[in-house]
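Colleague: Got a predicted structure here, sequence first:
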Amino acid sequence: MTILAMDQGTTSSRAVVFSDDLQVQATAQHEFPQHFPRSGWVEHDPGDIWTSSAGTARAAIEKAGAPRIDALGITNQRETVVIWDRSTGQPIHRAIVWQDRRTADICDRLRADGVEDQVTDTTGLLLDPYFSATKIGWLLDRVDGARDRARAGELAFGTIDSFLIWKLTGGQAHVTDATNASRTLLYDIRRNDWSDDMCRLFGVPRELLPEVRDSADDFGTTRPDLFGRAIPILGVAGDQQAATVGQACFRPGMMKSTYGTGCFALLNTGDQAVRSQNRLLTTIAYRLDGKTTYALEGSIFIAGAVVQWLRDGLKLIREARETQALSGQADDSQQVIMVPAFTGLGAPYWAPTARGTIFGLTRNTGPAEFARAALESVGFQTRDLWEAMRADWPQAGDAVLRVDGGMTASEPAMQFLADILGAPVDRPRNPETTAQGAAWLAGYRAGLCPAPEAYAEAWQLDRRFEAAMPDDQRDRRYSAWKRAVQAVLAV
Ligand SMILES: Nc1ncnc2c1ncn2[C@@H]1O[C@H](COP(=O)(O)OP(=O)(O)O)[C@@H](O)[C@H]1O
Ligand SMILES: O=P(O)(O)OC[C@H](O)CO
């Protein structure tokens, strides 16, 4: 028995073939072009998204020896918006990506109208261009005739999962799952349905919206010509939620943090949709067998990207992993702090105009101190989220943090993370946690994979990083970081 997971990310599409005990059989990956038509705008060509996704799926199946695929799971970059014509399947515009800031002024106007509280109460989110609704409104207003056609039911909106399912099923299914719906600003996360109030507020006709299913559910069947036979699509979740599932964070209080380009931390809060008092997001972690599990989420825009900046911007290193040895040579007596607010600061600050700053430079500061400060900035930002989560939900208690993503390969970054949190950090043996989460959802629905408790028992540790920093040093270092952030916010 074999399961295919498609992982459609911001910079690349990946596909992973798993055995039914969720061992990786084969993987394929393909990067696709990013479009930046103006400053702050980010677009993807839906054609690239589709061909890279279908292409990597075929390549992974072939590499695995062309086994019979019994179930397909999909996971995806979230919030990104595609609108297409229901009769031709043609997108009416390029996809507007989650990173795109073009609707910042619309969000400001709505905030000035005093509706943010109502929006947060209903959707768990904030008025920020990050989410889908204002992007949908922008497309309906800017593409000729789009609003009328949307009202007439001629157009369909989807996040990337929904668009891929439409393509995979040959236009047979216009569906999404609850985790993706919960990122649109249009979904009532407590009632578990699209919200008429939010649709009215953001000017989005209900006719555009997909049907919302559980994360392990029937999402349709692939066209037989695509992969040699029709495959049932049985699992769907946004990538950060799929990583939460892949990390087996099924119990309230469990928390995962994924360190790729950015960092996304999710804390399972069980059946409570906790209203954040600290500008975290309340989101759906997964919906299984009709039961919704919620999470508090913190999103950091720059994590591994700070290492990319050392490499591509400053040219201090040739490869990301060189930061390991380099940071080890840093002078302990220097306290360089880097606040990598390259694209503003995300949670819990949400300061889109903040910019990066480096503190504590001396004549002796060099590449080694920069490397250490870059790695430490990721730990400090995670501590900010950790503090906010504890303040919002005291039951979080003494959680362990489960980590995944490319940057978790960095031993010094993970050790500092444990040190600055004052808590253990667990890195799993399987680095493919996002794809694994999608595969488990599909396999669970198909009856191939075990129930959550049994799956959680099979989760395997690669390495636990224990906090080793003395308390007074931790407090001193974190206070210095907080002062640095306040200075950045004050500029
Ligand atoms: N050994 C390492 N040390 C520090 N950073 C690393 C290391 N390996 C990868 N990274 C960082 O991890 C990121 C890639 O992680 P990945 O999970 O593939 O990201 P994404 O899915 O966002 O593309 C890059 O930003 C890279 O700089
Ligand atoms: O594609 P990634 O891994 O950068 O994840 C993007 C997030 O889903 C955005 O919310």
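Modeller: Perfect, I can see it now. Ligands and ions are numbered 1, 2, ... in the order given.
Colleague: Look through the stretch 351-491 of the chain and state the residue closest to ligand 2.
Modeller: Nearest residue of the stretch 351-491 of the chain to ligand 2 (C-beta to the nearest ligand atom) works out as T434 at 7.4 Å. For every residue, glycine as well, the C-beta is placed using N, CA and C.
Colleague: Now the stretch 351-491 of the chain against ligand 1: closest residue?
Modeller: Counting by C-beta to the nearest ligand atom, the stretch 351-491 of the chain gets nearest ligand 1 through G406, at 2.1 Å.
Colleague: just checking, that residue touches A303?
Modeller: No - in this structure, G406 is not within contact of A303 by C-beta atoms under 8 Å, at 9.3 Å.
Colleague: which neighbours do the two share?
Modeller: 259-260 (C-beta atoms under 8 Å, 6 or more residues apart in numbering).
Colleague: what sits against R14?
Modeller: 6-8, 27-30, 56, 435.
Colleague: And for P412?
Modeller: By C-beta under 8 Å, 6+ apart, the residues touching P412 are 323-324, 327-328, 372, 375.
Colleague: rewinding a little: checking the residue of the stretch 351-491 of the chain closest to ligand 2 next. Helix, strand or coil?
Modeller: Following DSSP: H, G, I helix; E, B strand; the rest coil, T434 is assigned to helix.
Colleague: Contact residues of the stretch 251-400 of the chain facing ligand 1?
Modeller: Applying C-beta under 6 Å from any ligand atom, one finds that the stretch 251-400 of the chain approaches ligand 1 through 260-261, 304-305, 307-308, 320-321, 323.
Colleague: 5 Å instead?
Modeller: Residues of the stretch 251-400 of the chain lying near ligand 1 by C-beta under 5 Å from any ligand atom: 260-261, 304, 307-308, 320-321.
Colleague: how about those residues, which pair is most distant?
Modeller: Farthest apart among those by C-beta to C-beta are T261 and R321. That separation is 16.3 Å.
Colleague: More neighbours: which of those two?
Modeller: Taking neighbours as other C-beta atoms under 10 Å, T261 and R321 compare with T261 leading, 19 against 13.
Colleague: list the contacts for the closest residue to F219 other than its chain neighbours?
Modeller: Nearest non-adjacent residue to F219, counting by C-beta to C-beta, 6 or more residues apart in numbering: I233, 4.0 Å away. Shown in contact with I233 (C-beta under 8 Å, 6+ apart): 72-74, 165, 168-169, 173, 218-222, 442.
Colleague: which stretch of helix or strand covers I233?
Modeller: strand 233-238 (DSSP states H and E).
Colleague: likewise T179?
Modeller: Here T179 is assigned to helix 178-181, by DSSP H and E.
Colleague: Kindly report the same for L140.
Modeller: helix 133-142.
Colleague: Give me the most central residue, the protein.
Modeller: Nearest residue to the geometric centre of the chain (C-alpha atoms, centre = their mean): Q240, 4.0 Å.
Colleague: which of the residues in the top strand by length along the chain are buried?
Modeller: Counting by DSSP state E, the longest strand found in the chain is strand 291-300. Within strand 291-300, the residues that qualify as buried are 292-300, counting by 16 or more other C-beta atoms under 10 Å.
Colleague: quick one on the thing from earlier: so does the strand holding I233 get close to ligand 2?
Modeller: No - judged by C-beta under 5 Å from any ligand atom, strand 233-238 and ligand 2 are separated, with a smallest distance of 5.7 Å.
Colleague: what's the distance between that strand and the middle of its chain?
Modeller: 15 Å (C-alpha atoms, centre = their mean, to the nearest Å).
Colleague: Which strands or helices does whichever helix or strand comes after it pack on?
Modeller: Using DSSP H and E, the helix or strand that follows strand 233-238 in sequence is helix 239-246. Judged by 3 or more C-beta pairs under 8 Å, 6 or more residues apart in numbering; DSSP states H and E, helix 239-246 is in contact with strand 71-76, strand 255-259, strand 263-270, strand 281-288, strand 291-300, helix 433-446.
Colleague: So what are the sheet partners of the fifth one and their directions?
Modeller: With DSSP bridges as the criterion, the sheet partners recorded for strand 291-300 are strand 263-270 (antiparallel), strand 281-288 (antiparallel).
Colleague: okay, the angle between it and strand 255-259?
Modeller: Interaxial angle, strand 291-300 versus strand 255-259 (axes from the mean of the first three to the mean of the last three C-alpha atoms, to 10 degrees): 40 degrees.
Colleague: Please put the alpha-carbon coordinates of strand 291-300 into CSV.
Modeller: Output in CSV follows, covering the C-alpha atoms of strand 291-300 (Å, rounded to 0.1, in the frame of the first residue of the first chain):
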residue,chain,number,x,y,z
LYS,A,291,-14.2,17.3,15.4
THR,A,292,-12.2,20.6,15.3
THR,A,293,-8.9,21.0,17.1
TYR,A,294,-7.6,24.6,17.4
ALA,A,295,-4.2,26.1,17.7
LEU,A,296,-2.5,29.4,18.6
GLU,A,297,-0.1,30.3,15.8
GLY,A,298,2.8,32.6,15.7
SER,A,299,4.3,33.5,12.3
ILE,A,300,7.9,34.9,11.9
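Colleague: who in this structure is up against ligand 2?
Modeller: Residues of the chain lying near ligand 2 (C-beta under 5 Å from any ligand atom): 9-10, 77-78, 98, 239, 260.
Colleague: Out of those, which is nearest to D121?
Modeller: Nearest to D121 out of the residues of the chain next to ligand 2 is R78 (C-beta to C-beta; 20.9 Å).
Colleague: Test my guess that that closest one contacts R183.
Modeller: Yes - using C-beta under 8 Å, R78 is in contact with R183, at 4.6 Å.
Colleague: Common neighbours of the two, please.
Modeller: 159, 238.
Colleague: In JSON lines, list the buried residues of strand 291-300 along with pLDDT.
Modeller: Compiled in JSON lines, these are given as follows (pLDDT from 0 to 100):
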{"residue": "T292", "pLDDT": "98"}
{"residue": "T293", "pLDDT": "98"}
{"residue": "Y294", "pLDDT": "98"}
{"residue": "A295", "pLDDT": "97"}
{"residue": "L296", "pLDDT": "97"}
{"residue": "E297", "pLDDT": "97"}
{"residue": "G298", "pLDDT": "96"}
{"residue": "S299", "pLDDT": "91"}
{"residue": "I300", "pLDDT": "92"}
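Colleague: Next, count neighbours for L361.
Modeller: 12.
Colleague: whoops, D271 was the one
Modeller: Counted with other C-beta under 10 Å, the neighbours of D271 add up to 9.
Colleague: okay but it is in contact with T293, surely?
Modeller: Yes - applying C-beta under 8 Å, one finds D271 in contact with T293, separated by 6.8 Å.
Colleague: Need the three-state assignment for A15.
Modeller: strand.
Colleague: That one: neighbour count?
Modeller: 28.
Colleague: looking at it, it is touching E62, isn't it?
Modeller: No - the pair A15 / E62 is not scored as a contact, 10.5 Å apart, by C-beta under 8 Å.
Colleague: Many thanks, I have nothing further to ask.
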